[in-house]
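**Student:** Please find the sequence and the predicted model below.
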Amino acid sequence: MPNRRNNWYNLHSTRRYPLDDKSTGTDDDGLRLRDDIINDIHLRFPLSAGRYAFLSGITVSDKLVTAVFTATDDIDNPTKLTPIAVVHALKPVSEALNIAVRPLYPQVGGFIVFGDTTENFVARFSSPRQGLIAPRAARAFNTLPIPTLRRATNGNGLTGLVTLRGQTDVEVVSEEVNIQGYGRQQAMIVRLVQSPIGDNVLEKYIGPCDARPESRNCEKTPVETINGAIADCVGNIDILFCNLEVAAFESCGDGDNPGGVIIDGSIGIDEVCAGQQPERFKGRDLCLPSISSSSLSSLSSFPTPSTPLSSSVSLSSAAPNCADLPYCEPFDDAIADYFKIKIGAWVFEPVESPAESCGSEISRKSCDSSSHSSLSSLSMVVSQIENCTPWMERPALSYRCEGDYLRNVAVWDACAYSSSLEKVVTTDLRLNSSSQENGGIIINWHVVDPLSNPHEEYFHALLDRRENAVRLVRYTGVSPIFEVARVTLGSPAVIGHWYRMKVTTQALTLPSVAIRIEVTGVTNPGWPAVTLTVPTSQFLPDDGLFGLGSIRGVTDFSYFAIKERV
């Protein structure tokens, strides 16, 4: 009578498994694969290699046993054949022993169990159906949607099995959540939990700005944007009436206090919306951001003193809308004229480069009524010119970006130029101790695809102490920030010393543009100068702005100078 207690591998030695029942089991020469040579196979491979796996060759020689496995997209009419694994073992080979396969394709793994390999045997299978392996023994899988895990600032990611551990106030759990478009799915959740020692985790992780809208920790839900416009660091969204005629709206109010203004423009709606051409909107706002919603645009557009206008309608900043090149902003009056903060925290610091170069060759802010921010009435605008403190007696101030922000960006948003090509921008900067210790000049900052996918793009010239290099990086709207080129410093940059950076943009054969970065020592003149010239075809359109900034760096900028390249 038959033995009904044959074990798993002995049973397979008497039947075709692990080959599929649909396979022929016959090699190219008509030789049939013996059932007792292979007792079991366990093979897993990515679906990108193929849907099916088959044994494409096996050799049993005097000293070695080898087998080759191939993946295919179709059993009878394959369009691709991908070798995925191989195994070899020295004789004698123990029966019922799991032998790991050697992967020939990423993410392939598994093992094979040989049976009787005492007799030599050679077989080659050219088509998938000859050596097709049963789905139970060889199965394809969809690759993982997250192949690696890493911090945003790390170049190399973790692969394989990654264990995420929480802390006393941070937990990592698996929960079923409702994902839009996919229904309820199992997801990994990283969240704050109340610490057992009694710490307020919301207060602990609130950041340096205390209560803020983006942290969702304000007592009431605030207004964060108006038509996409983001407020400055103190919560103001300024509206500037550019090239418009402004007059009192007498029908609103009680006569002496009209309570409103009439805004009129000479450009018709047909000119503004001509053709609805998207490229018309790829430029930049030429309006000065420091004028409040109650502000008027320019001295030439104000009504005369005889026009009834309440003193409550005032200028929050009477700086002109445009500046002339060459221009230099020394920050000594604690006002960053024309500068608009895009991201990060910016303050004024009582330090200054000893070689600050806002000289007579550059149009430094003049001491007249157009440079003050305290004009409180129309009569001041028309007739009053305040006394100014001489420049030599003004405090020495610099513009500092501070705080551990991934990006600190402030751009010079004046309508002094329409192209960022053929320009020279200069600043003296000082690095301070921080997490990254770098800083430099923002180049061609602009918003692209404003209608379909609005995002910022710009180049950034950096003096980077941690990297010991002068670097040119590029931001394309999402992290990370990509490095374009670098040159190693001949001597390390020193915290507390002043360095001069000059950036020149030059049009080559468009779309090719050359960006030249020059860095020299100011307070350490013996420091070896560094020059980096980078040709790029990713610069255009050239409608962007220049500015100052850092990447997680606390950096002082003594002045900002811009002029045409000659």
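**Tutor:** Perfect, thanks for sending it. Numbers count the residues shown, from 1 in each chain.

**Student:** what bits of this structure have low per-residue confidence?
**Tutor:** 1-6, 195-196, 206-222, 241-243, 250-259, 266-322, 359-394, 479 (pLDDT under 70).

**Student:** How is it partitioned into domains?
**Tutor:** According to automatic domain parsing, the chain comprises the domains 8-141, 327-564.

**Student:** Provide the contact partners of stretch 533-544 at residue level.
**Tutor:** Taking contacts as CB atoms under 8 Å, 6 or more residues apart in numbering, the residues outside stretch 533-544 that touch it are 282-284, 418-421, 443-446, 448, 457-459, 472, 474, 484-485, 505, 507-508, 510-517. Heads up, the C-betas are built off the backbone N, CA and C, glycines and all.

**Student:** so of those, which ones are in strands?
**Tutor:** 443-446, 448, 457-459, 472, 474, 484-485, 505, 507, 513-517 (DSSP state E).

**Student:** would you turn the domains of the chain into TSV with mean neighbour count?
**Tutor:** Output for the domains of the chain, formatted as TSV (neighbours: other CB atoms under 10 Å):
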stretch	mean neighbour count
domain 8-141	17
domain 327-564	18
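
**Student:** which stretch among those comes nearest Leu202?
**Tutor:** domain 327-564 (19.0 Å; CB to CB).

**Student:** from the chain's centre, how far out does the closest one sit?
**Tutor:** 20 Å (CA atoms, centre = their mean, to the nearest Å).

**Student:** where exactly do the helices run in this structure?
**Tutor:** Remark: helices assigned in the chain by DSSP state H are 8-12, 201-204, 269-272, 378-383.

**Student:** Phi and psi next, for Tyr417.
**Tutor:** As for Tyr417, its main-chain torsions (degrees, to the nearest 10) stand at phi -150, psi 150.

**Student:** so it makes contact with Val425?
**Tutor:** No. Counting by CB atoms under 8 Å, Tyr417 does not reach Val425; the two are 10.9 Å apart.

**Student:** overlap in contacts of the two?
**Tutor:** Counting by CB under 8 Å, 6+ apart, the residues touching both Tyr417 and Val425 are Ile562.

**Student:** Okay, Ser491 and Val424: tell me how far apart.
**Tutor:** The gap separating Ser491 from Val424 is 25 Å, by CB to CB, to the nearest Å.

**Student:** do the same with Thr79
**Tutor:** With the distance defined as CB to CB, Thr79 ends up 58 Å from Val424.

**Student:** With Ser537 instead?
**Tutor:** From Ser537 to Val424 the distance is 22 Å (CB to CB).

**Student:** same check, this time on Pro511
**Tutor:** Taking CB to CB, one finds Pro511 at 21 Å from Val424.

**Student:** how about the strands in the stretch 1-150 of the chain?
**Tutor:** Here the stretch 1-150 of the chain has its strands, by DSSP state E, counting those that start in this stretch, at 38-46, 52-60, 64-72, 81-90, 98-100, 102-103, 109-114, 121-124, 138-141.

**Student:** Of these, which is nearest Gly526?
**Tutor:** Across the strands of the stretch 1-150 of the chain, closest to Gly526 is strand 102-103 (CB to CB), at 56.4 Å.

**Student:** Pairing partners for that closest one, with directions?
**Tutor:** Strand 102-103 has the following strand partners under DSSP bridges: strand 81-90 (antiparallel).

**Student:** And the contacts of the partner strand?
**Tutor:** 43, 45, 49-50, 53, 56, 63-72, 99-105, 108, 110, 112, 114, 128.

**Student:** and what of stretch 161-180?
**Tutor:** So stretch 161-180 is contacted by 149, 184-197, 199, 201, 204 (CB under 8 Å, 6+ apart).

**Student:** Same check on stretch 136-145?
**Tutor:** By CB under 8 Å, 6+ apart, the residues outside stretch 136-145 that reach it are 17-18, 40-53, 69, 71, 107, 110.

**Student:** now do 10 Å
**Tutor:** Outside stretch 136-145, the residues that touch it by CB atoms under 10 Å, 6 or more residues apart in numbering are 12, 17-20, 38, 40-55, 69, 71, 84-85, 106-107, 110, 112, 132-133, 159.

**Student:** now it, how far from the chain's geometric center?
**Tutor:** Counting by CA atoms, centre = their mean, stretch 136-145 comes out at 33 Å from the chain centroid.

**Student:** so what's Ala247 closest to, chain neighbours aside?
**Tutor:** Excluding the flanking residues, the one nearest Ala247 by CB to CB, 6 or more residues apart in numbering is Ile262, at 4.8 Å.

**Student:** what's the neighbour count on that neighbour?
**Tutor:** 15 (other CB atoms under 10 Å).

**Student:** Let me know the distance separating it from Leu244.
**Tutor:** As defined by CB to CB, Ile262 lies at a distance of 10 Å from Leu244.

**Student:** what do you get for Asp337?
**Tutor:** 21 Å.

**Student:** thinking again about what came up before, nearest to Asp232, of the domains of the chain?
**Tutor:** Proximity of these to Asp232 was assessed by CB to CB; the nearest stretch is domain 327-564, lying at 5.8 Å.

**Student:** what about the closest one, how long is it end to end?
**Tutor:** From its first residue to its last, domain 327-564 covers 10 Å (CA to CA, to the nearest Å).

**Student:** cool, stretch 178-187 as well?
**Tutor:** Across stretch 178-187, first to last residue, CA to CA, it's 9 Å.

**Student:** Tell me how far it lies from the chain's centre.
**Tutor:** On CA atoms, centre = their mean, the centre of stretch 178-187 falls 26 Å from the chain's centre.

**Student:** Okay, Pro454 and Arg407: tell me how far apart.
**Tutor:** Computed as CB to CB, the Pro454 to Arg407 distance reads 17 Å.

**Student:** ok, Tyr52 touching Pro135?
**Tutor:** Yes. The pair formed by Tyr52 and Pro135 meets the contact definition of CB atoms under 10 Å, at 8.3 Å.

**Student:** Quick check: neighbours shared by these two?
**Tutor:** Shared contacts of Tyr52 and Pro135, counting by CB under 10 Å, 6+ apart, come down to Asp20.

**Student:** I figured Gly155 was touching Phe482, is that so?
**Tutor:** No. Assessed by CB under 10 Å, Gly155 is found out of contact with Phe482, at 11.6 Å.

**Student:** Check the gap between Arg34 and Gly110 for me.
**Tutor:** Taking CB to CB, one finds Arg34 at 22 Å from Gly110.

**Student:** wait, what's in contact with Thr26?
**Tutor:** Contacts for Thr26 (CB under 10 Å, 6+ apart) come out as Arg32, Leu33, Ala123, Phe125, Arg129, Gln130, Gly131.

**Student:** For Ser434, see how far away Ile517 is.
**Tutor:** 21 Å.

**Student:** What's the end-to-end length of stretch 106-124?
**Tutor:** End-to-end span of stretch 106-124 (CA to CA): 24 Å.

**Student:** And Ala137, how close does it get to Ile38?
**Tutor:** 10 Å.

**Student:** And Gly183, by the same measure?
**Tutor:** 43 Å.
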